[in-house]
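Trainee: Quick one, fold the following:
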Amino acid sequence: MTELSDKELVEKVQSGDILAFEKLLFRYEKQIFFYILKFINQKENAQDITQETFIKVYRSLKTFDPEYKFKTWLYTIATNTAYDWLRKAKNNQEIFIIDDPDNNFETIDDRSSYKEIEAKELLEKPMQNLKPAYKSALLLYYYDGMKYEEIAQILGVPLNTVKTYLLRAKAQLKKEIK
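Mentor: Below you'll find the predicted structure:
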């Protein structure tokens, strides 16, 4: 039995088939979660944003035109949902005071080598300092392997703007890492 395409699944969902939506969810849930996680760098919030993304997708799927690429539309919703979260988080900053200085909340994954962890930490802070548009372009291109055209559609900007975002993001990262 061949697997249904995104277009076929979307058409089934639009006809009322909830199982077709479940298949779309399983197909893209991990990709979207890891994209958002890399974007905001907070696991619990990334889970919430991923869930919110799929709720928005489900509610809007009735009006989606299956002639367009579902994956691009999905990433657009995920990006906008993450942007909304960043705006809200910026306006509602909280301060957490930890009473126990010996309590370390971070853990090291035994499967990662020290050099991988060190390299990840080297990029984490500079990545957090990037403008959201630069960061999303960088993540979509390097981590999700999308083409410039797809990124332009997701971010709703011209193709040359995507190229500019990537150049500026790389330049800023290079400057901050030095």
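
Trainee: Where do the strands of the protein begin and end?
Mentor: Secondary structure of the chain (DSSP state E): no strands located.

Trainee: Please parse it into its domains.
Mentor: Here the chain is described, according to automatic domain parsing, as comprising the domains 1-94, 113-178.

Trainee: By mean pLDDT, show me the worst of those domains.
Mentor: Comparing mean pLDDT over the domains of the chain, the weakest stretch is domain 113-178, at a mean of 80.

Trainee: Phi first, then psi, for Asn41.
Mentor: phi 60, psi 30 (degrees, to the nearest 10).

Trainee: so it touches Gln128, yeah?
Mentor: Yes: with contacts counted by Cβ atoms under 8 Å, Asn41 reaches Gln128, the gap being 6.2 Å. C-beta: built from backbone N, CA, C; applies to glycine.

Trainee: re earlier: put together CSV for the domains of the chain, with mean neighbour count on each row.
Mentor: Output for the domains of the chain, formatted as CSV (neighbours: other Cβ atoms under 10 Å):
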stretch, mean neighbour count
domain 1-94, 15
domain 113-178, 16
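
Trainee: can you tell me which residues contact Leu9?
Mentor: For Leu9, the contact set (Cβ atoms under 8 Å, 6 or more residues apart in numbering) comprises 20-21, 23-24, 70.

Trainee: Name the nearest residue to it, ignoring sequence neighbours.
Mentor: Spatial nearest neighbour of Leu9, excluding adjacent residues (Cβ to Cβ, 6 or more residues apart in numbering): Ala20 at 4.6 Å.

Trainee: looking at it, the one you found is touching Lys12, isn't it?
Mentor: Yes: counting by Cβ under 8 Å, Ala20 touches Lys12, with 3.6 Å between them.

Trainee: Now list whatever residues contact both of the two.
Mentor: Shared contacts of Ala20 and Lys12, defined by Cβ under 8 Å, 6+ apart, comprise Leu4.

Trainee: so Leu130 touches Leu139, yeah?
Mentor: No: counting by Cβ under 8 Å, Leu130 does not reach Leu139; the two are 9.7 Å apart.
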